[in-house]
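>>> here's my sequence, what's the structure:
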Amino acid sequence: FRLAVNLTVKNKTTDFEALTNNYQNVQLTLSDIADVVKLGHALCPAQLIEGENRKTVRNSSNFLQSEVIILDMDFSKKVNGEKVFDATNYKPLDTFLDTPAAEPVALAYTSYSHTPEHNRYRLFIPLPYLENNPERYKKVVQTFIEEYKADTACSGVCNVFYGNTNASIYNLVTGEVYHA
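As a prediction, this is how the structure comes out:
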């Protein structure tokens, strides 16, 4: 899978500089992606246009191509500017994995904010083609977000998704499961 990784980020961070810079375009297998997540590194589901000195900056204008969607399943909504738990569409990860909606998902992992009481996780869904049009890609992402009731804040073409050194990772293609 062609995407971008940032090996300078570990777990969730508020360091905007680190979250924006130092991405590397890579082509990884699902097992490689699981390894990146386990190390806590950040993922961008798109490859990015490289700038001067091969410097790669994560922003929408640098979208090059993508063949995957990553959905953030945090089951929250904003109330008075604060994120609060929204039980309306809540599905624990184990429950979700037993639904037909899990069929197109190749990889799922628990996010840095995951707790046993409030499961938060990411879904890695391959596209059947390589998309190089950012507007079309954004529409596809938004369609999946609506269908899966995922976090609408993650509808950009170059969103960052944190890794998690404490993640449980489910490779739904091979059946492998990794628990930190």
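
>>> taking the centroid of the chain, which residue is nearest it?
The centre of the chain sits closest to residue 70, judged by Cα atoms, centre = their mean, with a distance of 3.7 Å.

>>> wait, is that one part of a strand?
Yes: Residue 70: assigned to a strand according to DSSP: H, G, I helix; E, B strand; the rest coil.

>>> could I get the contacting residues of it?
43, 45, 122-125, 154, 159, 161 (Cβ atoms under 8 Å, 6 or more residues apart in numbering). For glycine as for every other residue, the C-beta is placed from the backbone atoms N, C-alpha and C.

>>> and the closest residue in space to residue 156 that isn't next to it in sequence, how many residues sit next to it?
Nearest non-adjacent residue to residue 156, counting by Cβ to Cβ, 6 or more residues apart in numbering: residue 60, 6.0 Å away. Residue 60 is flanked by 13 other residues according to other Cβ atoms under 10 Å.

>>> wait, what's in contact with residue 60?
134, 156-158.

>>> for residue 159, see how far away it is.
10 Å (Cβ to Cβ, to the nearest Å).

>>> and residue 5, by the same measure?
13 Å.

>>> between the two, which one's more packed in?
residue 5 (22 against 18).
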